[in-house]
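A.B. asks: fold the stuff below for me.
(chains A and B)
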Amino acid sequence: MEIGALFTIFVSAALVNNFVLARFLGICPFLGVSKQIETAFGMGMAVTFVMTLSSIITYIIQVTILDNLGLQYLQWIAFILVIASLVQFVELFVKKASPGLYQALGVFLPLITTNCAVLGLAILNIQEEYNLIQTTIHAVGASVGFLIAIVLFAGIRERVALADVPELLKGFPIALITAGLMSIAFLGFTGLV
Amino acid sequence: MLDSILNPVLSLGGLGLLFGGGLAIASRVFEVKVDPKVEQIQQALPGANCGACGYPGCAAFAEAVASEKAPVNGCPVGGSSCAESLGAIMGVSADAGEKQVARVICGGKDCNAQEKFEYNGIKDCKSAAMVQGGSKSCSYGCLGLGSCVEVCPFDAIKIVDGIANIDKEKCTACEKCIVECPKNVIEMAPYDQKVVVDCNSKEFGKDVKVKCTVGCIGCQICVKACPFDAMEFENKLAKINYDKCTNCMVCAEKCPTNSIWADFESRKTAEVIEDKCIGCTICAKKCPVDAIEGELKGIHKVIEDKCIGCGICYEKCPKDAIKMK
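C.D. replies: Residues are numbered from 1 along each chain as shown, chains lettered A, B, ... in the order given. Predicted structure coming up:
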């Protein structure tokens, strides 16, 4: 496997096909936990961890169990099982390691379970017929993309919070407009790969 | 045929078992011990997250109480009932203390104080205070632009006749308005206090007189009039020592500028219950204004015109022969 192809996968997942801004996956935490850069970064890291690990594990399960036994139709439920367990694990870990981050993430931490970006990534890996190394790179790329998107968005929102926003656009409306503009900006990466 | 059922059941079941076991181990390894008291305390708290206790929110305060870093009566919003329930959880007796409320100590309403100039800036006391100390003639008075109204989480403050007015029923003593006010014209006073000096001006009497019709001019008549030495005087301003004050309202009566507010409607007078009086003369001796007369062993009588309703005789009578009405 040549490095160039792997790099292409990485850039494509992180920027061109950014999970949040191009594929529109994982919008819930993207809007929910993006009021402060610090918590957004924490959320991004938690999602990165879950996405990377779950991609690897789901790939192994797909290849060793589901493909071998011809149980492809169990793909979704098996993947969700993996993701849910991993999220539980991350929650336990964060609670122990950083109570502050645990409180800041709040309900969105267990909600990673239902974060479609995580499941979407796991299924995309299989659809694209990647091998284990490509899967890992793709997962890291996708989660870095998520991290970039949510941290940038949080930075913008921190500034917007101080700006003189018209009354009727305050709060979520302006956040949605911001997200839309960011999405358009990320369109600029098309053709990069 | 059997395989197509057994395979998925076994593989998914196996995976579930594996992850379940893994999580069970992880939960042991990463166990965080939470004091069950914390949750109980948090439920007993008002949950306003106002921060008046000095901790960032009710959850942090609950933790501090549970670890005995904060007193059980540390929540000013919850008051005595909250302190009691926290005391019950922590197993200590709660000394709730007297309930306090915030009060705007200014009587400079539109009709009493004048405007120095017309202020057309941002409707915010802090901004207004930066322009020559505000447009009000008295630089110590309430500007009445409502910065405290905005910051009050309990909707207890209203602007009435150009100055802020705090509803003492709604006030929970969170002290946010005190922090916000650029004029420092809000103070805490006991909830039951019925006499308050409603002036914050530390200027000389002459200057006060020019600027406001209800300002304290520092004549000290109230200091001399107070039968209980409860009136203190500093910075050219009368100040009531709430510990000594008996709400007799004499100071408010005597004040030439009416800068002392008193709730005269609730003023009481003492009355001797003749059946119970044994003529011990204690009340007559204790009365600061000599409003009780009577011979030893004879039934005593309150002279209503003289009585100021301070309640000293009511407290001192050994036979409970005096009632306040």
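A.B. asks: ok, A:Gly155 touching A:Gln36?
C.D. replies: No - using CB atoms under 8 Å, A:Gly155 makes no contact with A:Gln36, being 9.6 Å away. Bear in mind the C-beta positions are built from the backbone N, C-alpha and C, glycine included.
A.B. asks: per-residue confidence for the nearest residue to B:Glu68 once chain neighbours are set aside?
C.D. replies: In space, and not counting its chain neighbours, B:Glu68 is closest to B:Met90: 7.6 Å by CB to CB, 6 or more residues apart in numbering or on different chains. The score at B:Met90 is 84. That number is its pLDDT.
A.B. asks: how about B:Ile240?
C.D. replies: 91.
A.B. asks: and for the closest residue to chain A within the stretch 101-250 of chain B, nearest residue in space, chain neighbours not counted?
C.D. replies: Ranked by CB to the nearest CB, the top residue of the stretch 101-250 of chain B for proximity to chain A is B:Ile122, at 12.5 Å. Of all residues not flanking B:Ile122 in the chain, B:Ala128 sits nearest, at 7.6 Å (CB to CB, 6+ apart).
A.B. asks: re the thing from before, which ones are touching the residue nearest to B:Glu68?
C.D. replies: B:37, B:41, B:65-66, B:68, B:72 (CB atoms under 8 Å, 6 or more residues apart in numbering or on different chains).
A.B. asks: including secondary structure, could the residues you listed go into JSON lines?
C.D. replies: Output for these, formatted as JSON lines (DSSP: H, G, I helix; E, B strand; the rest coil):
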{"residue": "B:Lys37", "secondary structure": "helix"}
{"residue": "B:Ile41", "secondary structure": "helix"}
{"residue": "B:Val65", "secondary structure": "helix"}
{"residue": "B:Ala66", "secondary structure": "helix"}
{"residue": "B:Glu68", "secondary structure": "coil"}
{"residue": "B:Val72", "secondary structure": "coil"}
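A.B. asks: next, format those residues as JSON lines and append pLDDT and neighbour count.
C.D. replies: Below are the contacts of B:Met90 laid out as JSON lines (pLDDT from 0 to 100; neighbours: other CB atoms under 10 Å in any protein chain shown):
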{"residue": "B:Lys37", "pLDDT": "84", "neighbour count": "17"}
{"residue": "B:Ile41", "pLDDT": "87", "neighbour count": "26"}
{"residue": "B:Val65", "pLDDT": "86", "neighbour count": "27"}
{"residue": "B:Ala66", "pLDDT": "85", "neighbour count": "21"}
{"residue": "B:Glu68", "pLDDT": "82", "neighbour count": "10"}
{"residue": "B:Val72", "pLDDT": "81", "neighbour count": "25"}
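A.B. asks: tell me the residues of the stretch 51-200 of chain B that contact chain A?
C.D. replies: Neighbours of chain A within the stretch 51-200 of chain B, by CB under 8 Å from any CB of the partner chain: B:Ala59.
A.B. asks: now do the helices in the stretch 51-200 of chain B.
C.D. replies: B:57-66, B:79-90, B:125-130, B:147-151, B:176-180 (DSSP state H, counting those that start in this stretch).
A.B. asks: low-confidence ranges, chain A, go.
C.D. replies: A:1 (pLDDT under 70).
A.B. asks: which parts of it sit against chain B?
C.D. replies: So far as CB under 8 Å from any CB goes, chain A lies against chain B at A:61, A:65-66, A:69-71, A:74, A:77-78, A:81-82, A:85, A:88-89, A:92-93, A:95-96, A:99, A:103.
A.B. asks: what about 10 Å?
C.D. replies: A:57, A:61, A:64-66, A:68-71, A:73-74, A:77-78, A:81-82, A:84-86, A:88-97, A:99, A:102-103 (CB under 10 Å from any CB of the partner chain).
A.B. asks: contacting residues around B:Tyr202?
C.D. replies: Careful, residue B:202 is Lys and not Tyr. B:139-140, B:208, B:216, B:218, B:234-237 (CB atoms under 10 Å, 6 or more residues apart in numbering or on different chains).
A.B. asks: what's the burial count for residue 105?
C.D. replies: All of this refers to chain A. 24 (other CB atoms under 10 Å in any protein chain shown).
A.B. asks: could you do chain B instead?
C.D. replies: B:Ile105, neighbours per other CB under 10 Å, totals 24.
A.B. asks: quick check: B:Ala26 touching A:Phe89?
C.D. replies: Yes - counting by CB atoms under 10 Å, B:Ala26 does reach A:Phe89; the two are 5.4 Å apart.
A.B. asks: pick out the residue nearest the middle of chain B.
C.D. replies: Compute the mean C-alpha point of chain B, and by CA atoms, centre = their mean the closest residue is B:Val101, 1.8 Å away.
A.B. asks: for that residue, give the beta-bridge partners.
C.D. replies: B:Ala189 (DSSP bridges).
A.B. asks: for it, what are its contacts?
C.D. replies: Taking CB under 10 Å, 6+ apart as the test, what B:Val101 contacts is B:76, B:156, B:166-173, B:188-193.
A.B. asks: now do 8 Å
C.D. replies: Contacts of B:Val101 (CB under 8 Å, 6+ apart): B:166, B:168, B:171, B:173, B:188-191.
A.B. asks: do the same with B:Glu203
C.D. replies: For B:Glu203, the contact set (CB under 8 Å, 6+ apart) comprises B:138, B:140, B:211, B:236.
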